[in-house]
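Peer 1: Just a sequence and a predicted model for now, questions to come.
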Protein chains: 2
Amino acid sequence: MILALAGGVGGAKLAHGLVRILSPDGLVIAVNTGDDFEHLGLHISPDLDSVMYKLAGLNDTERGWGLADESWHFMEALARLEGETWFNLGDRDLATHVERTRRLAAGETLSHITAALCGALGIEHRIVPMTDSAVHTMVTTEAGTIPFQDYFVRLRCEPVVTGFSFAGAESARPTPAFTAALKSADLSAIVICPSNPYVSIDPILSLADVAAALEGRRVPLVAVSPIIGGGAIKGPAAKMMAELGLQPSAASIASHYGRRLDGLVIDQTDGALAPKIEAMGIPTHVAQTIMKSADDERTLAQEVLTFAASLNVRSK
Amino acid sequence: MILALAGGVGGAKLAHGLVRILSPDGLVIAVNTGDDFEHLGLHISPDLDSVMYKLAGLNDTERGWGLADESWHFMEALARLEGETWFNLGDRDLATHVERTRRLAAGETLSHITAALCGALGIEHRIVPMTDSAVHTMVTTEAGTIPFQDYFVRLRCEPVVTGFSFAGAESARPTPAFTAALKSADLSAIVICPSNPYVSIDPILSLADVAAALEGRRVPLVAVSPIIGGGAIKGPAAKMMAELGLQPSAASIASHYGRRLDGLVIDQTDGALAPKIEAMGIPTHVAQTIMKSADDERTLAQEVLTFAASLNVRSK
C-alpha cells in the first residue's frame, strides 16, 4: 500500500496517476486541510475538493481549479446584494460546500463526509483529510500574520512572506484512516506529492502523530519536487522561497525536507542539480515531472513508485 | 400611510401596485415569515423573497416564483452528491439565502437584513418581516402535523388539511417597523393582500400584538379575496377550504376574516356574491382582481385604496 501526502492541484495530478496504477486497497491519499476556512458561513476545503474533483474527472483543466463547465450566477447575484465577493464560488462547486457544511453541522466528521462525497462521485480510492480537527495555516508576512486564504486569494500572495504557522496543529490528531495508513503493515512507501512544501505539505507534517510516525517509519519516504527550473508550475512556492532568502530550486526543496527524505524526484530540467542533492545524502531520481496529460501523470507515478521501491530507509 | 399585509406571489403583485401609487414614506409592506425554514443549513424566507424580487423587478413571471433568468447548476451538482433535492434553489436565488444566513449568524435581525438586501436591490419602499422571531406555520393533516414547506413543496399539498397552527407565535413580537406602522398616526388604511388566508395572512394575525392593534384600529381594514370563481389563482387555498368543509368562494373569505374586516374586494366574476357578503355586514367592492400586468396591479391597488377611503371602521 502507498500513502500519498497531497495539497491541491499539483498533488491531485500525481494522485490521479497513482490511482491509475494502484487498486483502491493499495492507496491512501492524505490531503492538507490547513487551508480550509469558513466563508459566507460555508466550510470550504479547497485541497480536498481539488483532489476529489480531479479523481472524479470533474476538474476544470483550463482554469486550473474548481469544476469543469462551471457557472458563476451565484457570484453575480451575491455582488448585486453587495455581499463579499473576493473568493469565487462556482454554482456547481457551491453544492459541495453547502452539503459539507450541512453534514458538519449535523455532527458528521470531515472524514466521514469526504468518504460520502467521494462515494457519490464514484471515487473508489480513499481520499482522507489529514485531520478532522481545525488546523489553520497562518502566513507570517511583513504586513502581519494573515490566514492562508486571505493571503492567497484576497491579497493575491502579494505580502512578503517571513514564515508560516499552523494554528491548532499541536492538538490535532490525524484522521483514523490516515493514522491507520501510517501504521499499516501493508505500507510500502510514502509519497510527498509535488505540492507547495510550506502551505500544502508542512501542515500535514506539523501534526505531532504524523511527524512521529514518519520519524519511526520502516518504509521509504520519497518526494517529488514542485520546483522545476527555478519556478513552480502553479502557485506561490517559488515566490515564497525567494522571500525566505532561498534560491527557488529543487535543491532548496531537498534542503527543506532534509533528512526526512529517503529520496527526491526532480525534473529533467534540473538534472544538473542531482549531484548537489545527492551530496546532501538524498538519493535523487530525474524524471519528466511536468504533468500535462493523464499519461504524464501515470508515467510519473510509476517512476516514483519504482524509485521508492529501490530506496532504503535512511538510518537515523 | 398604508400598511399592507402580504404573503408570497399574490401579495407581491398587489404590493407592487401599491408601490406604483404610494411614496416610500407612504407604504409599509409587512410580510409573512411563518413559512420561513432552514434547509441545507440556510435560512430561507420564501415570502420575503417573493415580495423583494417582485419589487426589484427581478421575479420570474413564467415560473411564478423565484428569480428571472435563473439557472439550476447548484441543484444538479447537489443531486450528483446525493444531497436533498426536494426544495429547488436557483443559483442566483442561493445568494439571497447564503447572505441572509451569514448575516443572521453574525447577529443581525431579519428586519435589518431585509432592509439591507432591499437597499442593495434598489427598493425604496419598506418591506418588513412580520417578526424577527421564529414562527413556524404547522399544517395539521390527516397524515399528521407537518411543517409548512414539507406540506407545500415536499408533499405537494397532498395531505388532507384539518387545521393550522403557528409555533412560536404566542411569544413572537412584530418587528419594530411593523409595530411602528400599526401605531402610526399617519396610518390611513390596512390592506390584506390577496394571499392565502390560512398560511400567509393568519400567521401575521396570530401575533398577539398585531391582533390587539387591529382590534383597536382607527383606520379601515380591507382585504382582497384570493379566491376567484371558486378557485385560487395559485396555491392551495381553495383545496384547503374544501378540505376544511368550506365552499371555496369569496364568501368563505368574508366569513374567515369576519368582523375583523371593514370591507372586502372581490372579483367581478363573483359579483353575484356581493349581496351575500354585504348581508354579513361587510361592505363589498367588485373589481377586476386578476393581475396579469403591472397596469392591472396598479389599477387594483388604486381601487382598493379608494374603496378603503370610503369605509368606516366598524363599531365593535
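Peer 2: Looks like it arrived, so ask away.
Peer 1: give me the number of residues near the closest residue to chain B within the stretch 201-316 of chain A?
Peer 2: For the stretch 201-316 of chain A and chain B, the shortest gap (CB to the nearest CB) falls at A:Ala294, measuring 21.7 Å. Glycine gets a C-beta too; all of them are placed from N, C-alpha and C. By other CB atoms under 10 Å in any protein chain shown, the residues close to A:Ala294 number 13.
Peer 1: what does A:Glu142 give?
Peer 2: Residues lying near A:Glu142 (other CB under 10 Å) number 9.
Peer 1: From B:Lys54, how far out is it?
Peer 2: Separation of A:Glu142 from B:Lys54 (CB to CB, to the nearest Å) stands at 51 Å.
Peer 1: same thing with A:Leu121?
Peer 2: Distance from A:Leu121 to B:Lys54, by CB to CB: 38 Å.
Peer 1: Would you map the helices across the stretch 151-300 of chain A?
Peer 2: A:176-183, A:202-205, A:208-215, A:237-243, A:250-257, A:274-279, A:294-309 (DSSP state H, counting those that start in this stretch).
Peer 1: Tell me which other helices or strands the shortest one touches.
Peer 2: Right, helix A:202-205. Helix A:202-205 sits against strand A:161-167, helix A:208-215, with contacts defined as 3 or more CB pairs under 8 Å, 6 or more residues apart in numbering or on different chains; DSSP states H and E.
Peer 1: go with 10 Å
Peer 2: Contacts defined by 3 or more CB pairs under 10 Å, 6 or more residues apart in numbering or on different chains; DSSP states H and E place helix A:202-205 against strand A:2-6, strand A:136-141, strand A:161-167, helix A:208-215, helix A:250-257.
Peer 1: Would you mind giving those as JSON lines with distance to chain B and mean neighbour count added?
Peer 2: Listed next are the helices and strands packed on helix A:202-205 as JSON lines, based on distance: least, CB to the nearest CB, whole Å; neighbours: other CB atoms under 10 Å in any protein chain shown:
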{"stretch": "strand A:2-6", "distance to chain B": "21", "mean neighbour count": "26"}
{"stretch": "strand A:136-141", "distance to chain B": "19", "mean neighbour count": "21"}
{"stretch": "strand A:161-167", "distance to chain B": "21", "mean neighbour count": "17"}
{"stretch": "helix A:208-215", "distance to chain B": "29", "mean neighbour count": "15"}
{"stretch": "helix A:250-257", "distance to chain B": "36", "mean neighbour count": "22"}
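Peer 1: Switch these over to TSV; also include mean pLDDT and distance to B:Asp186.
Peer 2: Compiled in TSV, the helices and strands packed on helix A:202-205 are given as follows (pLDDT from 0 to 100; distance: least, CB to CB, whole Å):
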stretch	mean pLDDT	distance to B:Asp186
strand A:2-6	98	65
strand A:136-141	98	53
strand A:161-167	98	55
helix A:208-215	96	68
helix A:250-257	97	72
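Peer 1: among the ones you listed, which is nearest A:Pro197?
Peer 2: Between A:Pro197 and these, the shortest gap by CB to CB is with helix A:250-257, which sits at 5.1 Å.
Peer 1: Output the contacting helices and strands for that closest one.
Peer 2: helix A:202-205, strand A:221-224, strand A:227-228, helix A:237-243, strand A:263-267, helix A:274-279, strand A:284-287.
Peer 1: on that earlier part again, okay, A:Leu121 and B:Lys54: which has more neighbours?
Peer 2: More neighbours surround B:Lys54 than the other of A:Leu121 and B:Lys54, with 24 against 17 (other CB under 10 Å).
Peer 1: Could you pull out the strands in the stretch 1-150 of chain A for me?
Peer 2: Listed in chain order, the strands of the stretch 1-150 of chain A (DSSP state E, counting those that start in this stretch) span A:2-6, A:27-31, A:37-39, A:42-44, A:126-129, A:136-141, A:144-147.
Peer 1: Could you tell me how many residues sit around A:Trp72?
Peer 2: Applying other CB under 10 Å, we find 17 residues neighbouring A:Trp72.
Peer 1: Repeat that for A:Gly57.
Peer 2: Other residues within reach of A:Gly57, judged by other CB under 10 Å, total 12.
Peer 1: what's the answer for the one 10 residues further on, then?
Peer 2: Around A:Leu67 sit 22 other residues, with neighbours defined as other CB under 10 Å.
Peer 1: Without its sequence neighbours, what residue ends up closest to the residue of the stretch 151-300 of chain A found nearest chain B?
Peer 2: At 16.6 Å from chain B, A:Arg154 is the closest residue in the stretch 151-300 of chain A, using CB to the nearest CB. Counting by CB to CB, 6 or more residues apart in numbering or on different chains, A:Trp86 is the residue found nearest to A:Arg154 once chain neighbours are left out, at 4.6 Å.
Peer 1: List the contacts of A:Ser188.
Peer 2: By CB atoms under 10 Å, 6 or more residues apart in numbering or on different chains, the contact set of A:Ser188 is A:Met1, A:Ile2, A:Leu3, A:Gly26, A:Arg218, A:Val219, A:Pro220, A:Leu305, A:Ala308, A:Ala309.
Peer 1: and if we set it to 6 Å?
Peer 2: Counting by CB atoms under 6 Å, 6 or more residues apart in numbering or on different chains, A:Ser188 makes contact with A:Val219.
Peer 1: which bits of chain A sit near chain B?
Peer 2: When proximity is defined by CB under 6 Å from any CB of the partner chain, chain A lies next to chain B at A:40-41, A:71, A:73-74, A:77-78, A:81-83, A:91-92, A:94-95, A:98-99, A:101-102, A:105, A:117, A:120.
Peer 1: Buried subset of those residues as a PyMOL selection?
Peer 2: To isolate the buried ones among the residues of chain A next to chain B in PyMOL, judged by 16 or more other CB atoms under 10 Å in any protein chain shown, type:
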select buried, chain A and resi 40+41+71+73+74+77+78+81+83+91+92+94+95+98+99+101+102+117
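Peer 1: Show me the residues of chain A next to chain B that map onto helices.
Peer 2: Residues from those lying in helices, with DSSP state H as the criterion: A:73-74, A:77-78, A:91-92, A:94-95, A:98-99, A:101-102, A:105, A:117, A:120.
Peer 1: and A:Leu264, how many neighbours?
Peer 2: Residues near A:Leu264, counting by other CB under 10 Å, number 26.
Peer 1: Okay, and the beta partners of it?
Peer 2: Counting by DSSP bridges, A:Leu264 forms beta bridges with A:Ala223, A:Thr284.
Peer 1: same check, this time on A:Ile190
Peer 2: Under the criterion used (DSSP bridges), A:Ile190 bridges to A:Leu3, A:Leu221.
Peer 1: Can you add distance to B:Asp209 and mean pLDDT and give the helices and strands packed on helix A:250-257 back as JSON lines?
Peer 2: Formatted as JSON lines, the helices and strands packed on helix A:250-257 follow (distance: least, CB to CB, whole Å; pLDDT from 0 to 100):
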{"stretch": "helix A:202-205", "distance to B:Asp209": "53", "mean pLDDT": "98"}
{"stretch": "strand A:221-224", "distance to B:Asp209": "68", "mean pLDDT": "98"}
{"stretch": "strand A:227-228", "distance to B:Asp209": "68", "mean pLDDT": "96"}
{"stretch": "helix A:237-243", "distance to B:Asp209": "60", "mean pLDDT": "96"}
{"stretch": "strand A:263-267", "distance to B:Asp209": "72", "mean pLDDT": "98"}
{"stretch": "helix A:274-279", "distance to B:Asp209": "77", "mean pLDDT": "97"}
{"stretch": "strand A:284-287", "distance to B:Asp209": "75", "mean pLDDT": "98"}
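Peer 1: Those: which one's closest to A:Gly66?
Peer 2: Nearest to A:Gly66, of all the helices and strands packed on helix A:250-257, is helix A:237-243, at 20.3 Å by CB to CB.
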